[in-house]
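Trainee: Need coordinates for the following:
(2 chains)
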Amino acid sequence: MLHNRLLSKKLLLASAIAVLALAASLFSAQEQKAPQVIMGLQNPPPVRFTEDLPAGSMQAKATTACLECHEARIILQQRLSKAAWTKEVEKMVKWGAVVDPSDRDALIDYLSGNFSPDQPSYQPPRTSSERTPKKAAAKDSAAKKSE
Amino acid sequence: MNSRRSFLRQMSGAALAVGAAPTLLSWALPLPQSAAIAIPGEDGMIVRSSRFLDLETPVEYFNTWLTPVPRFFVRNHMHEPAELEAEDWRLTVGGEVEKPLTLTLSELSKLDTHSVVNTLECAGNGRALHRPQVPGIQWGKGAVSTARFSGPRLRDVLQRAGVKATGKHVMFRGLDEVPGKVPAFIRSIPIEKGLDPDTLVATHMNGALLTKHHGFPARALVPGWIGAASCKWLTEIKVLESEFVGNFMSPGYRFPNQPVKPGDAVKPEDTHPLTALGVKSVISGPLDGSSLKAGRIAVHGSAWAGEADIMKVEVSTDDGATWNPASLGHEQAHYAWRLWNYEWKARGGDYTILSRATDSQGRVQPAAPVWNPSGYLYNAVDQVKVHVA
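Mentor: Alright, predicted model coming up:
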């Protein structure tokens, strides 16, 4: 079933565009809601549920090949040599990533150029905290009573 | 409970005495709330990946013996099952058994329940600290958490089906949704571990039903072993004559038989499957990069050793020239970590604080990491750098 979907590039492209459009509208809605000043810090950077791959001539093709199955952060956090990136690309092609053989070398160059061992490490975001000060105080006092 | 309270009070009291608490709080939330990702049921977790979901527990949460579920690390190899209704779920038991069977959740829940407090650690925890870097989720120190898991013993489930003499391994298949041509997440454990009275088909975690991220409605719980052994969304148990052959048994989750030079390749035949965890301690406070006031500073953390017991944790504040015993928390269970605490009388200066655990098998945390091509089982002596003024 999935195999058929991978074969149908047109359908894939159409659905990717639809997903991107939906995602873009969701993100912009989220960003509009964010207050400008939080905890004394101005304009905290918006954090998105998923991230984009970096700009470059291979960005679109890498997005199609890699982000069908997983989000960009899995790539953004790697710091690998060209040899290691080559192995990863070969493994992922074996596992179903759609990479035109004529794009293979450019894709490896794109990944190893952007995500090499000398790059600073990726700083991951966090999930929001459910323990607001008010909730935490209520929980703590409930815990004290039960002890 | 008293002992736990006094232990925690001792820890928090020491931190407050030197004014470290505000520092800890500000470090605990490097991003303002609005800049965080909202994932229901997940509290302040480090997002290694949102799709598929991989969440790391920040070390400052290593301050309770049992990790609350919203702070328990999440490791998914693939996508979680999109639809999973408890009424429709079935567990099949087959392979080298006398009577293959299929259990519903209510049939499973009629079996005797057993509880095990287990420290679950991903084999790749600490991968980001290996040099040279290796591919995989770049876990820092927090792909590890502790919970009380409950459910029937796997042994009882297997005995209902009747394991044949030819049955030597137990295979688990989960309901993970497999993208593309990725191999399914299937692994096996030797029958001896499968029949161990502490190996469970867990349905509960800290007294509540498993949440979806942790494998609802049932998961394997293979205590003391790498997290990957404890298959989530369990749907099939199959008794095999030999180890399961598949990507997540080989080349995945294998360790070199002999030490290798960092960066060297290793042939598959020179490796063995990962099983039990190593000995390890982690410093949960002060946090790396903290600025602290001179005086009494509580150095604290947790330590675990898979199937072995923690015998001692030592702390050094002079680059390993001298080591001081930490006091171990009173809460303990065979497969669970111990919290530990050391009161350091600190003068001004820049320090690297080290922690080192020793277990009941005589294993000691190594000074340097044991590099391997997939970055498994990182357990070097932990360290944090602090400034004391």
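Trainee: Leaving out sequence neighbours, find the closest residue to B:W323.
Mentor: In space, and not counting its chain neighbours, B:W323 is closest to B:E314: 3.9 Å by CB to CB, 6 or more residues apart in numbering or on different chains. Bear in mind the C-beta positions are built from the backbone N, C-alpha and C, glycine included.
Trainee: Is it correct that that neighbour is in contact with B:G320?
Mentor: No. Taking contacts as CB atoms under 8 Å, B:E314 lies outside contact range of B:G320: 9.8 Å.
Trainee: Does chain B have contacts with stretch A:107-114?
Mentor: No. If you take CB under 8 Å from any CB of the partner chain as the test, stretch A:107-114 misses chain B, and the best it gets is 10.9 Å.
Trainee: quick one: buried residues of that stretch?
Mentor: A:L107, A:I108, A:Y110, A:L111, A:S112, A:N114 (16 or more other CB atoms under 10 Å in any protein chain shown).
Trainee: B:N341 against B:A326, yeah?
Mentor: Yes. The criterion here is CB under 8 Å, and B:N341 meets it with B:A326 at 6.1 Å.
Trainee: what's the pLDDT at B:A308?
Mentor: Per-residue confidence at B:A308 stands at 98 (pLDDT).
Trainee: Output the contacting helices and strands for the helix or strand hosting B:I297.
Mentor: If you go by DSSP states H and E, B:I297 is part of strand B:295-304. Under the contact definition 3 or more CB pairs under 8 Å, 6 or more residues apart in numbering or on different chains; DSSP states H and E, strand B:295-304 sits against helix B:2-17, strand B:144-152, strand B:280-285, strand B:310-316, strand B:338-346, strand B:349-359.
Trainee: Can you list the strands that the fourth one pairs with?
Mentor: As defined by DSSP bridges, the strand partners of strand B:310-316 come to strand B:324-325 (antiparallel), strand B:349-359 (antiparallel).
Trainee: any chance of these in CSV, with mean neighbour count, distance to B:N76 and mean pLDDT too?
Mentor: Formatted as CSV, these follow (neighbours: other CB atoms under 10 Å in any protein chain shown; distance: least, CB to CB, whole Å; pLDDT from 0 to 100):
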stretch, mean neighbour count, distance to B:N76, mean pLDDT
strand B:324-325, 12, 39, 98
strand B:349-359, 20, 29, 98
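Trainee: Show me the one of those that comes nearest B:A165.
Mentor: strand B:349-359 (34.6 Å; CB to CB).
Trainee: Leaving out chain neighbours, which residue sits closest to the residue of chain A found nearest chain B?
Mentor: When scored by CB to the nearest CB, chain A has A:G96 as its residue closest to chain B, at 2.4 Å. Nearest residue to A:G96 in three dimensions, chain neighbours excluded: B:G180, at 2.4 Å (CB to CB, 6+ apart).
Trainee: Which secondary structure state is assigned to the closest residue to B:W65 other than its chain neighbours?
Mentor: Of all residues not flanking B:W65 in the chain, B:E331 sits nearest, at 4.2 Å (CB to CB, 6+ apart). Secondary structure, DSSP: H, G, I helix; E, B strand; the rest coil: B:E331 is coil.
Trainee: B:L339 is in contact with B:E331, correct?
Mentor: Yes. Using CB under 8 Å, B:E331 is in contact with B:L339, at 7.1 Å.
Trainee: Quick check on these two: which one has the bigger neighbour count.
Mentor: More neighbours surround B:L339 than the other of B:E331 and B:L339, with 27 against 18 (other CB atoms under 10 Å in any protein chain shown).
Trainee: Could you give the number of residues near the residue of the stretch 101-250 of chain B found nearest chain A?
Mentor: For the stretch 101-250 of chain B and chain A, the shortest gap (CB to the nearest CB) falls at B:G180, measuring 2.4 Å. By other CB under 10 Å, the residues close to B:G180 number 19.
Trainee: about what we covered before: can you lay out the buried residues of stretch A:107-114 as TSV showing secondary structure?
Mentor: Below are these laid out as TSV (three-state DSSP):
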residue	secondary structure
A:L107	helix
A:I108	helix
A:Y110	helix
A:L111	helix
A:S112	helix
A:N114	helix
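Trainee: when you compare where the strand holding B:I297 runs with where strand B:144-152 runs, what's the angle?
Mentor: 40 degrees (axes from the mean of the first three to the mean of the last three CA atoms, to 10 degrees).
Trainee: list the buried ones in strand B:295-304?
Mentor: Judged by neighbour count using 16+ other CB under 10 Å, the buried positions of strand B:295-304 are B:I297, B:A298, B:V299, B:H300, B:G301, B:S302, B:A303, B:W304.
Trainee: Equivalent analysis for stretch B:70-90, please.
Mentor: Buried residues in stretch B:70-90, defined by neighbour count with 16+ other CB under 10 Å: B:P70, B:R71, B:F72, B:F73, B:V74, B:R75, B:N76, B:H77, B:M78, B:E80, B:P81, B:W89.
Trainee: What is the nearest of those to B:L55?
Mentor: Each of the buried residues of stretch B:70-90 was scored against B:L55 by CB to CB, and B:V74 proved nearest at 4.2 Å.
Trainee: now the closest one: how far from chain A?
Mentor: According to CB to the nearest CB, to the nearest Å, B:V74 stands 10 Å off from chain A.
Trainee: That residue pairs with what?
Mentor: Counting by DSSP bridges, B:V74 is bridged to B:L55.
Trainee: Please enumerate the helices of chain A.
Mentor: A:2-7, A:9-33, A:59-66, A:73-76, A:82-94, A:104-114, A:133-146 (DSSP state H).
Trainee: now the second one: mean pLDDT?
Mentor: Taken as a whole, helix A:9-33 has a mean pLDDT of 44.
Trainee: For the buried residues of stretch B:70-90, work out which two are farthest apart.
Mentor: With CB to CB as the measure, no two of the buried residues of stretch B:70-90 lie farther apart than B:R71 and B:W89, at 26.5 Å.
Trainee: hang on, B:G207 packs against B:A147?
Mentor: No. Here B:G207 does not reach B:A147: they are 9.5 Å apart, not a contact under CB under 8 Å.
Trainee: Between those two, which is the more surrounded one?
Mentor: Neighbours per residue, other CB under 10 Å: of B:G207 and B:A147, the larger number sits with B:A147, 24 against 11.
Trainee: Could you find the closest non-adjacent residue to the residue nearest to the spatial centre of chain B?
Mentor: When CA atoms, centre = their mean is applied to chain B, the residue found nearest the centroid is B:E121 (1.6 Å). Leaving aside its chain neighbours, B:E121 sits nearest to B:V144 (3.9 Å; criterion: CB to CB, 6+ apart).
Trainee: ok, now B:E177?
Mentor: Nearest one to B:E177, counting by CB to CB, 6+ apart, is B:H79 at 4.1 Å.
Trainee: show me the contacts for that neighbour.
Mentor: Going by CB atoms under 8 Å, 6 or more residues apart in numbering or on different chains, B:H79 touches B:R51, B:F52, B:D176, B:E177, B:P179.
Trainee: What parts of chain B come near chain A?
Mentor: B:1, B:5, B:29-39, B:42-52, B:55-56, B:58, B:70, B:128, B:132-135, B:137-138, B:179-183.
Trainee: rewinding a little: so the residue nearest to B:E121 touches B:N118, yeah?
Mentor: No. Counting by CB under 8 Å, B:V144 stays clear of B:N118, with 10.9 Å between them.
Trainee: Need the contact partners of stretch A:50-57.
Mentor: So stretch A:50-57 is in contact with A:23, A:59, A:62-63, A:66-67, A:71-73, A:75-76, A:106, A:110, A:113-114, B:50-51, going by CB under 8 Å, 6+ apart.
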